[in-house]
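Chemist: The following comprises the amino acid sequence and a computationally predicted model.
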Amino acid sequence: MSGTAKGLNRQQMADRIALEFQDGWIVNLGVGIPTMCSNTDIGDRDIIYHSENGVIGYGPIAPAGEEDLNLVNAGGQNVTLKPGAAVVHHADSFGIIRGGHIDVTVMGAYEVARSGDFANWKIGGAKGGGIGGAMDLAACAKRVFIIMEQTTRSGAPRLVDQCALPVTARGVVKLVATNYGLFEPMGDGFRIREIAPGITLDEVHATVGCKLMVPENLPTVRLVG
Amino acid sequence: MSGTAKGLNRQQMADRIALEFQDGWIVNLGVGIPTMCSNTDIGDRDIIYHSENGVIGYGPIAPAGEEDLNLVNAGGQNVTLKPGAAVVHHADSFGIIRGGHIDVTVMGAYEVARSGDFANWKIGGAKGGGIGGAMDLAACAKRVFIIMEQTTRSGAPRLVDQCALPVTARGVVKLVATNYGLFEPMGDGFRIREIAPGITLDEVHATVGCKLMVPENLPTVRLVG
Amino acid sequence: MGQSSKAFPSFHAAVQDIPDGATIGFGGFAMPGVPFNLIKALYEHGARQLILVANTTGGAQQPRMPDIGMLVENGQVKKVICAFTAATRPTDVIPFTKYYESGEVDAELVPQGTLAERMRAAGAGIPAFYTPTAVGTELAAGRETRVINGREYLLEYALPLDYAFIRATRADTFGNLQFHRSQRNFCPVMATAARITIAEVDEDIVPAGAIDPDQVHTAGIFVHRLVKVPPAPDGLWPTRRQERRR
Amino acid sequence: MGQSSKAFPSFHAAVQDIPDGATIGFGGFAMPGVPFNLIKALYEHGARQLILVANTTGGAQQPRMPDIGMLVENGQVKKVICAFTAATRPTDVIPFTKYYESGEVDAELVPQGTLAERMRAAGAGIPAFYTPTAVGTELAAGRETRVINGREYLLEYALPLDYAFIRATRADTFGNLQFHRSQRNFCPVMATAARITIAEVDEDIVPAGAIDPDQVHTAGIFVHRLVKVPPAPDGLWPTRRQERRR
C-alpha cells in the first residue's frame, strides 16, 4: 500500500480502529498496519494483545539491543511482555481463537464486500497463498475489523459488491477503516460512519464499488493525540 | 474378590503380569490388584508409570507422614514421583492414552471372552456404572492385560464364551492373569500359557467357560522373589 | 493487565449470581483439585436444577468432603455428567445411587477421556470430533460412527460449561494459575470450556507479573474470579485418605 | 527414567536414519523454535521425496537461516504442507514459488490453526474433527461439511508425522523439554504427532529430575533424541531480524 495516499495516514487508520477497543478486550493484530494499533494512546483501557504463536499479553516492540530473540509477535517482531502475560503452544493458541475468546481481530485486506465477506490471502493468478492464521481468526473472533487503503494503486475500489479474489471468510467484517473514513458492511451496501479530514463525499462515492449509505450528519474521523 | 482363593495370591498375579513389562514401557495400572504390579522387582527395567490424572512417571506410595496431598495415582493413593516425571492436564493425559502412547494397560475385569472382549464397568442390574478411564485405555493402549480371579464368588467362570455383562471394549485383551494361571484369548477359546502351583489341569478345565487349549508342556507360573 | 484484581472477598460472593439451571464443571480427581469451598458455597447458595459435570459423583471416600453428591442430596441437581455414576467397586454404595435409581436425578455416563476431550473441544471451538473410545459398547448403541482408515470411531460433541469451579495453588491478580502436581487434572480443561471460571486458590494472590509467563498452567484470560482459601478450619483443604476397612 | 540419556553426539547422528519419503514436521514461527541445525543436517544427509510440514516455506526473512525452502532448492522435497505457500506480502518473492509454480514440488495450503489442530489430533488419537475455519472459502470447495447447532463446519483429518524436528531451551536426559517464550509455538504439538521427535537444545542437557515436573512443557515420553546446540559459529542460533527496505 502506498504511503502517498490521501486522507488518513497509516497510523491514523490504526488509531481510529484502536479507539474502538474496550477495556479488557483480547485483541489480535495482523501483520502490517494493524500492528500499529498497539501504538495508539487509548487512555487507561487495559488491552490484552494475543498473537497466533501463543503469546497472550505482549507489549511494545523491544528496544534495540534488549530483544529476547525467542519472543516475537505474529509479524516476527521482537516484542516485550506485559505483567500478567502467559505463553501457550500453537494448538492452545488457536484453541483460544477458535473458541471465540478473541474480542477483535484487526487485519489488512485486498477487498471487503458489502456482505461482510473479505479477501486477504491470495492474489489473482497466484498458485500459492498466505493464509497464516487469518482464516481461523476471521471465522472465529467475536469481531473482524479491517484496515486497508480505499482503493488499489490503480484506483479500483476495495469496498465492493462481491469479492473478486478468493475470500478469507464470509459475512464476518464489522468495521473497515480506510484512508477515506470508517465504513460498515450493511448487507445491501456500506454505511460510512465517519469521513477522513480533507476527503469529500464525492470522492468517497467515486471510490466505493457498491451502494453507499450516508447518515444525515456525517462526522469527521475522530483522531487521537 | 476373596483373599481365600486357591492358587496365586493377589501380589503373585500382579507379579506375573509385571514380568511381562519391557524396558522403557509406559504402563498404566488400574485401581486394585493392578496397582500391585509396581511393587514387583523386575530388575533394572525402566518402567514409566502413567496415571489418568496426568502424572507421567510416578513411583512408590508415599511413606506415611510424607504424602503430598496434591499428588495421587488413579486409585487416589498418595504416590511419589521418579526423577524425570512430568504432569499434564486431563485432556493431554487422555491424548497420551488415545494417541497410542501407552504400551500396556493392566486392569481388573468381571469377565473376559475368548474374542478378547472384556467387561469391567457395570454389574448386572445396575443403572449406573463406573467407566473412569477404562474405555479409553482399553480401546487405545497397545496392549490390554487383565488380572482377575478365575471364577466369581459363586464359582461361575470369568473366562467365557461371550461377555454377559456390558463390554468395556471388543477384541483387545492380550493376556489374563488369574489365580489359576496365565491365559491368552485366541478367538476360538483360551490358551493356557502357565498354570499356578497347586492347581490341577482338571480344575482349570472345570473353571473355563469355553474351549481351552493346553500346550504339550505346560509350565508352572513364573514367580519372582 | 490485572490492574484490577479478579479476587473476590468470599466464596459466597463468587457464586452468588449462579442461576437455577446452570451447567457447572467441577475440577478434581480424588482429593487434588476439588473446589471444596466453592461446592460448600454453592450448597449454601441453593441454586437448583443444576447440570453438574465432574469425574465422579463423590461420596466414596472417607473422610467425606464437599462433593457434588451433597448437592444432589440437597435437591439442587437435575442431571450429572460423569465418568462414574456408580461406585468404583461394585460392593461399595455411594449416596448418588439412590437418587439416580429412583429417577429423581438424571445422569449421563461418559468415558473419562471423552469427558475431558469434549470440554477441551468446547474451549477450543471444535464442535465435534471422532474417538475410538466406547466403540462396540452399550454407550455407542444407536449413535453415529464412522470408519476412518479402516477403524471405527464414535462421533462426540463439545460440552460447554456455564461455570467452572476449580482449585489452584497460585494465582496472580489477572487470573493466571499454577497447579501443584495432580491438582491440575480437569481444572485447566474446564477453565477453557466455561463462560465464567471461578478458582479457589491455596496461596495468597500475587501481583500480575509475579508468575513466569512460561510457567502459567491456565492463562488469566480463562479465569474470571479468584478466592483465597483461608487456613483451616475456616477453609477446607485436602486431607489424607483413610483406607477403607475391607 | 532417563538413566540412559537420549542425547545424541551430533546433528548428523540424530538424522542419519531418516529415509526417503518421510513426513517431517518442523517447529518454529519466525526465528524462535526453528531447528536450524537439524535442517542443516538433513540438507547434508540428503534424504529425498520428503513431505515437509511447517508454518511457512521460509526464505522471506533476512538474514536467511536454514529453512525448508533450502531443502526444496536442494531437490529433497516432494510436497510441503504449510499455512503459507506464498510470501506474506504479495509484493515479496520467496524461493519456494518457482518450484511450486513449475510443478516440481506439490503443496497443501492449510490454515494455521487447522494445521496445529490436525497435528494435535494425530498425537491425541482423534482421527478427525470439525472446525469453522475455512468454511465458505476456496479451501472448502468439494469437501465434507456438517451443520452443528445451526453453524456449518468443515471436516478435517489428523496429520501424523514420522519425525518432528524442534528446538527447545532446556532438556533433561529423559527428554522432558522446556521452551523459552514463543520458542514453544508448534514444537510441543509436533512432538506429540511424531513417531520420532528430535530436539535441538540451547542449554546443556540436565539429569532427569532437574526440571520441576510441574514445569515440563513437553513430556519426555514424546521426545526420542536430543542434540545440544554448540556455541556459534559451529551451532546456528536465532538472530536479530533485519527490517526489509521498503
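Modeler: Nice, I can see it.

Chemist: Not including adjacent chain positions, what is the nearest residue to residue A:174?
Modeler: Closest residue in space to residue A:174, ignoring its immediate chain neighbours: residue A:143 at 4.8 Å, by C-beta to C-beta, 6 or more residues apart in numbering or on different chains. C-beta coordinates here come from the backbone N, C-alpha and C atoms, glycine included.

Chemist: Equivalent analysis for residue C:22, please.
Modeler: Per C-beta to C-beta, 6+ apart, closest to residue C:22 is residue C:162, 4.5 Å.

Chemist: Wait, a helix at that neighbour?
Modeler: No: judged by DSSP: H, G, I helix; E, B strand; the rest coil, residue C:162 forms no part of a helix; its state is strand.

Chemist: Run a quick neighbour tally on residue 6.
Modeler: Answering for chain A, as no chain was given. Using other C-beta atoms under 10 Å in any protein chain shown, residue A:6 has 15 neighbouring residues.

Chemist: nope, chain C please
Modeler: 22.

Chemist: That one reaches residue C:226, doesn't it?
Modeler: Yes: using C-beta atoms under 8 Å, residue C:6 is in contact with residue C:226, at 5.0 Å.

Chemist: Need the overlap of contacts for the two.
Modeler: C:173, C:175 (C-beta atoms under 8 Å, 6 or more residues apart in numbering or on different chains).

Chemist: Which residues are in contact with the residue nearest to residue C:22?
Modeler: So residue C:162 contacts C:22, C:23, C:24, C:194, C:195, C:196 (C-beta under 8 Å, 6+ apart).

Chemist: Quick one: those as JSON lines, columns for neighbour count too.
Modeler: Formatted as JSON lines, the contacts of residue C:162 follow (neighbours: other C-beta atoms under 10 Å in any protein chain shown):
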{"residue": "C:22", "neighbour count": "19"}
{"residue": "C:23", "neighbour count": "20"}
{"residue": "C:24", "neighbour count": "27"}
{"residue": "C:194", "neighbour count": "26"}
{"residue": "C:195", "neighbour count": "12"}
{"residue": "C:196", "neighbour count": "18"}
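
Chemist: out of the residues you listed, which one sits closest to residue A:92?
Modeler: residue C:194 (15.9 Å; C-beta to C-beta).

Chemist: Excluding chain neighbours, what is closest to the residue positioned nearest the centre of chain C?
Modeler: Nearest to the mean C-alpha position of chain C, by C-alpha atoms, centre = their mean, lies residue C:26 at 1.8 Å. Distance criterion C-beta to C-beta, 6+ apart; nearest residue to residue C:26, sequence neighbours excluded, is residue C:54 at 4.1 Å.

Chemist: Mind giving me the packing neighbours of the worst-scoring helix or strand of chain C on mean pLDDT?
Modeler: Within chain C, no helix or strand scores below helix C:95-101, which has a mean of 91 by mean pLDDT, DSSP states H and E. For helix C:95-101, the packing partners by 3 or more C-beta pairs under 8 Å, 6 or more residues apart in numbering or on different chains; DSSP states H and E come out as helix C:68-73, strand C:106-109.

Chemist: try 6 Å
Modeler: Other elements packing on helix C:95-101 under the criterion 3 or more C-beta pairs under 6 Å, 6 or more residues apart in numbering or on different chains; DSSP states H and E are helix C:68-73.

Chemist: what's the closest non-adjacent residue to residue A:170?
Modeler: Closest to residue A:170 by C-beta to C-beta, 6+ apart is residue D:136, at 4.0 Å.

Chemist: Count the residues that sit near that neighbour.
Modeler: By other C-beta under 10 Å, neighbour count at residue D:136 equals 20.

Chemist: ok, it to chain C distance?
Modeler: According to C-beta to the nearest C-beta, to the nearest Å, residue D:136 stands 16 Å off from chain C.

Chemist: Hmm, residue A:172 and that residue touching each other?
Modeler: No: contact criterion C-beta atoms under 6 Å: residue D:136 and residue A:172 do not qualify, at 9.6 Å.

Chemist: surely residue A:112 meets residue A:173?
Modeler: Yes: Residue A:112 is within contact range of residue A:173, at 5.3 Å (criterion: C-beta under 6 Å).

Chemist: so what's in contact with those two at the same time?
Modeler: In terms of C-beta atoms under 6 Å, 6 or more residues apart in numbering or on different chains, residue A:112 and residue A:173 are both contacted by the residues A:118, A:146.

Chemist: What are the boundaries of the strands in chain C?
Modeler: C:23-26, C:50-53, C:77-82, C:106-109, C:128-131, C:145-148, C:151-157, C:161-168, C:170-171, C:177-178, C:194-201, C:225-228 (DSSP state E).

Chemist: I'd like to know which elements the helix or strand hosting residue A:177 is packed against.
Modeler: If you go by DSSP states H and E, residue A:177 is part of strand A:173-178. With contacts taken as 3+ C-beta pairs under 6 Å, 6+ apart, strand A:173-178 sits against helix A:10-18, strand A:144-147, strand A:181-185.

Chemist: How about residue 83: what's its closest non-neighbour residue?
Modeler: Assuming you mean chain A. Counting by C-beta to C-beta, 6+ apart, the residue nearest residue A:83 is residue C:209, at 2.9 Å.

Chemist: switch to chain C, that's the one I care about
Modeler: Per C-beta to C-beta, 6+ apart, closest to residue C:83 is residue C:112, 3.9 Å.

Chemist: What of residue A:78?
Modeler: residue A:67 is the one closest to residue A:78 (C-beta to C-beta, 6+ apart), at 3.7 Å.

Chemist: for residue C:143, same thing?
Modeler: residue C:154 (6.3 Å).

Chemist: need the contact list for the one you found.
Modeler: Counting by C-beta under 6 Å, 6+ apart, residue C:154 has contacts C:131, C:134, C:135, C:140, C:145.

Chemist: Likewise for residue A:50?
Modeler: Residues counted as contacts of residue A:50 (C-beta under 6 Å, 6+ apart) are A:26, A:28, A:56.

Chemist: just checking, the first one touches residue A:48?
Modeler: Think residue A:26. Yes: the pair residue A:26 / residue A:48 is scored as a contact, 4.7 Å apart, by C-beta under 6 Å.

Chemist: which of those two has more neighbours?
Modeler: Remark: of residue A:26 and residue A:48, residue A:48 carries more neighbours, 25 against 22, as counted by other C-beta under 10 Å.

Chemist: what does chain C have sitting close to chain D?
Modeler: For chain C, the residues in contact with chain D (C-beta under 6 Å from any C-beta of the partner chain) are C:126, C:127, C:128, C:129, C:130, C:148, C:153, C:215.

Chemist: Now do the same for residue A:132: helix, strand or coil?
Modeler: Strictly by three-state DSSP, residue A:132 counts as coil.

Chemist: Got phi/psi on it?
Modeler: As for residue A:132, its main-chain torsions (degrees, to the nearest 10) stand at phi 50, psi -130.

Chemist: Just the pLDDT for it.
Modeler: The model reports residue A:132 with a pLDDT of 96.

Chemist: dump the residue contacts of it.
Modeler: Here residue A:132 is in contact with D:83, D:112 (criterion: C-beta under 6 Å, 6+ apart).

Chemist: Need the mean per-residue confidence for stretch A:200-207.
Modeler: 97.

Chemist: buried residues in that stretch?
Modeler: A:203, A:204, A:207 (16 or more other C-beta atoms under 10 Å in any protein chain shown).

Chemist: Thanks a lot, see you next time.
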